[in-house]
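**Student:** Sequence below, structure please.
(chains A and B)
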Amino acid sequence: MADSAQLQTQITAQLDQWLETEFTFLKVEAVAAQLAALPALQRDFALDWIRRIAATHITLAWQFAQRAADLLARMETELIVAWATHACDTYDRAGLQAALTVIHEVEQFDRIRYAHQSGVFFDDLAPVLSSFLRGLSGRALKLGKSDASWTDSESVYLPTITARFADRSDNFALAKCQVVLRWAETRFGSLRPDLVTLFADYPDPAHAAQQFHALERLRLSARLSNEFPGLGRDLQRLRQQSGSLLTPVWSDWARQLVQPEARVETSLALLPAAYAHPVLSDDPFMGELRPQAVAAIKAARRDRDKARLRVALAQLASELKPQRTRSPNQATFQAEVHEEGPHLDLQLTLDGIPIAPPAEVRQLALSVHLDFGDIPPEYLVAAGDGEYDTRQLGEQGDPSSVWQGTYHEAGATLFPEWDHARQLYRKNWCVMREAPVKQGDPAFVTQTLVRHAPLVAQLRKTFAAMQSVDRRLKRQSEGDEVDLDALIEALADIHDGREMTDRLMVRRERADRDIAVAFLVDMSGSTRGWINEAEREALVLLCESLEKLGDRYAIYGFTSLTRKRCEIFPIKRFDEVYDTTIQARIAGIEAQEYTRMGFAIRHMTAELTKVAARTRIMINLSDGKPDDYFDGYRGPYGIEDTRMALIEARRAGVHAFCITIDREARDYLPRLYGPARYVILDDVRQLPRKTADTYRKLTT
Amino acid sequence: MSDLLIHSEPYYEAVGDEIAIFEAAWKNALPVLVKGPTGCGKTRFMEYMAWRLKRPLITVSCHDDLTAADLVGRYLVKGGETVWVDGPLTRAVRSGALCYLDEIVEARKDTMVVIHPLADDRRSLPMEKLGAVLHAPAEFGLAISYNPGYQSVLKDLKQSTRQRFVALEFDYPDATLERRIVARESGLDDATAERLVRFAQLTRNLKGNGLDEGASTRLLVHAGKLMASGITPVTACQSAIAQALTDEPDMLVAVQELASSLF
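**Tutor:** Residues are numbered from 1 along each chain as shown, chains lettered A, B, ... in the order given. Purely as a prediction, here's the structure:
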């Protein structure tokens, strides 16, 4: 018993620490007693997760701790992990209230998952099904998460979890069927009529919508079974499994709706009769119809599609008939959409001559066709000069306006971040934007070159010597030329009666330096002054050297102010030429905010993998530890995220290296980059010389 | 050379007037650039033209170690003597054959030096090592192929090269024609061939959204042949098409789901 008491005290102490009871005044003794009573394995599991969740939010961890012992007795640990992870994700996405709801609704989570343990989560489905959805013809639809399966005619939504059946693969098939049915609603005209007005004629529009949707479901499943027999089998199998049966009157309607000539009008004609009947219950595929949402999206799209199509056609006309640029709207376009099963094909003619429509025109014309059932002639009139303000056609506004007013994430790239306490990624955590660098005074470059003249000369010489040189391989059995030395020896051998070698050729072998390197420059506030200047000088010398060498290189700066404001500054992209613009950008590098490294490394890894090169290198110029304002990106959290980002880089085949002037870096750099992958400079003034030098050593 | 003559008519379905254009170009001693995505029938078209024009066909698949010497020829040492051996391009010029350099952008840049004089009105092949210049007879025809789908800047054809050629653009045939080709080449019935073509269209919708290329006609023929030999359609699509298109696990599943929905 003494052991048990001791254990309980020990657990209480741990909980006190993690849940900061000194400030939160939580009474952990009862929970500690519960946990102490658990078998060791379960206890460790629970404590581990309490600690990990406490790293996210103490209240969440406390709620979790209170339920842990009870749940462990009846739930599988796998399930608890899913639930806890889901709660943490919800906290990241929607805040404490939503996360607490998840914790409180464990019973529901439990029921859904525990009933079959085979539910499929949206996040697991999304990568596969969004590609699947893209493959289907027509408008390019996005896949999104919502509370039910429905579509607004531009996105198809699925619920967070699909768990109707006892078998995982059935649940996947169900999600797939729902996606295809929602796609079919956009493809085969269910959303074409003005549904809001139509349903408004009924006393209960919601019921009318439901009945119409059910009729359409019957029509579309028949249509789909015809076009996609494999899917048809899935539909039938799942419907039988779910035990959903059609009442006689519904079967009667179904017979009309499965006819190949059935259209949305057929369903509309049956609607008054169907309205008088109760809803068709328990249909697994049904999902929901939300006419208002569809109407809103459609209204916005119609004018936009028209404007964009007309502008695209005007551009096409001026490309094909340059002499008409003055009045492109005289060009006569005609478009016909051919349907081959589910596939839509656009045939476009300009003044009677068939032309291959560019992807954008095709996509827009098909979108219009889906809305109207044909392409109205006024949509095919190429836009005249200045008829539309092209800036309003794009969906993105000025990216910097994002920071004004309410925050939104349009046009940004989202990156995950590794939370070491949670031992999980925080999904879509960092919001990154590319921002232009302010151009500085190019005179800085000339000054630097003058100041470091001897060094520049030396670097140029060294780097020129590293250039790829063709080697002549002598005494080869195959080659372009005869190796005279070898031949003379061989002839002498023959005269001596010895056997002659056949290695008589010279082959030229090109030693390709197939290297792409990205420099990632710390632009955090701490680099202000000396360091910033040294960084800029280092970059100038580096560019001079690399220009001599001919390796492909890019330079990016980065800074951050919380996860919502991560910025990357392209100073020189891979495809840009080193010229006065680049020089001005280097001169204009300024110290900014903080150093959130993870997103920058992840972004550079992505950029590097786009470059075709045998060797990919990323060199990080920095002055200190990863660190960001306010949201906990410092200490172990920042280091571990950076480390994870570097591991991801290595996995992607990028060699990472760090040059730093932080003298304390020896404490953490080996953990980040490995034992031999960094250089620590004692003196900032060494930076210009050492940067080029390090690069030379790295690549020879 | 006679072994390079094509005696039986290769199966080829004309998409447009490419046959007439090629013939006219050949008669006027103009070289031809064949553009198009992989597996759309470029090589088959060349075989067909060689048969039609009754010329031998010499095909060189270019790779990144292919040098000018590989095309023109080189000295070899045999029994104490150096012997000149013609490369494929030289053989084609000497015998008035059609020379088809497949995926020319893959080759080393120095190959362009020997192609340029051959591709304009000089029609000559300088053979540096022999100190001689070979003049092409009227029957000689030069064709190169090029896939503009490659995004890499390193694999682009220079203007000075491309402006010497008459260009023929190939794309996947339209659905009806493609169905006929697949049915004919694989021995499938029309209905199954049509499903295969439809599947190809679904994968082509994914081009640029996770796939670099959609399924080519060649892949369809491969899948069709497997199916004609009794492999189930879904497995055939998986092995012959999905796995050939991508290694990315999610994409594989997505393509696979498209196949199992269709069949």
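**Student:** contacts and neighbour counts: CA atoms only from here.
**Tutor:** Fine.
**Student:** so where do the strands sit in the stretch 51-200 of chain B?
**Tutor:** When assigned using DSSP state E, counting those that start in this stretch, the strands of the stretch 51-200 of chain B occupy the ranges B:57-61, B:73-78, B:81-86, B:98-102, B:124-127, B:132-135, B:141-146, B:166-169.
**Student:** Tabulate the ones you listed (a markdown table), appending distance to A:Ile661, mean neighbour count and mean pLDDT.
**Tutor:** Formatted as a markdown table, the entries for the strands of the stretch 51-200 of chain B read as follows, by distance: least, CA to CA, whole Å; neighbours: other CA atoms under 10 Å in any protein chain shown; pLDDT from 0 to 100:
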| stretch | distance to A:Ile661 | mean neighbour count | mean pLDDT |
| --- | --- | --- | --- |
| strand B:57-61 | 52 | 20 | 93 |
| strand B:73-78 | 57 | 19 | 80 |
| strand B:81-86 | 61 | 14 | 84 |
| strand B:98-102 | 53 | 25 | 94 |
| strand B:124-127 | 59 | 20 | 90 |
| strand B:132-135 | 63 | 13 | 92 |
| strand B:141-146 | 50 | 24 | 92 |
| strand B:166-169 | 57 | 18 | 90 |
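**Student:** Quick one: closest of the ones you listed to chain A.
**Tutor:** Using CA to the nearest CA as the criterion, the shortest distance between chain A and the strands of the stretch 51-200 of chain B is 6.2 Å, found for strand B:73-78.
**Student:** Any part of the closest one near chain A?
**Tutor:** Yes - judged by CA under 8 Å from any CA of the partner chain, strand B:73-78 and chain A are in contact via B:74-77.
**Student:** One more: stretch B:59-70?
**Tutor:** Yes - judged by CA under 8 Å from any CA, stretch B:59-70 and chain A are in contact via B:Ala69.
**Student:** Just the endpoints, please. Distance across that stretch?
**Tutor:** 13 Å (CA to CA, to the nearest Å).
**Student:** Could you do stretch A:490-509 as well?
**Tutor:** Taking CA to CA, the span from the opening residue of stretch A:490-509 to its closing residue is 23 Å.
**Student:** ok, and what's touching it?
**Tutor:** By CA atoms under 8 Å, 6 or more residues apart in numbering or on different chains, the list of residues contacting stretch A:490-509 from outside reads A:470-484, A:486-487, B:77, B:80.
**Student:** same check, this time on stretch A:289-299
**Tutor:** For stretch A:289-299, the surrounding residues in contact (CA under 8 Å, 6+ apart) are A:150-154, A:191, A:194-196, A:209-210, A:213, A:371.
**Student:** Among those, which pair sits farthest apart?
**Tutor:** Across the contacts of stretch A:289-299, the longest distance by CA to CA is 21.3 Å; it joins A:Gln210 and A:Asp371.
**Student:** Work out which residue lies at the spatial centre of chain A.
**Tutor:** The centre of chain A sits closest to A:Leu414, judged by CA atoms, centre = their mean, with a distance of 6.4 Å.
**Student:** Can you classify the residue of the stretch 551-700 of chain A at minimum distance from chain B by secondary structure?
**Tutor:** Relative to chain B, the nearest point of the stretch 551-700 of chain A is A:Ala612 (7.3 Å; CA to the nearest CA). Using DSSP: H, G, I helix; E, B strand; the rest coil as the criterion, the local structure at A:Ala612 reads coil.
**Student:** Which SSE is immediately downstream of the longest helix anywhere in chain B?
**Tutor:** Taking residue count as the measure and DSSP state H as the definition, the longest helix of chain B comes out as helix B:190-205. Once the chain leaves helix B:190-205, the next helix or strand it forms, by DSSP states H and E, is helix B:217-228.
**Student:** Please tell me how far the following helix or strand past that following helix is from the chain's geometric centre.
**Tutor:** Remark: after helix B:217-228, the chain's next helix or strand is helix B:233-236, criterion DSSP H and E. The gap between where helix B:233-236 is centred and where its chain is centred comes out at 27 Å by CA atoms, centre = their mean, to the nearest Å.
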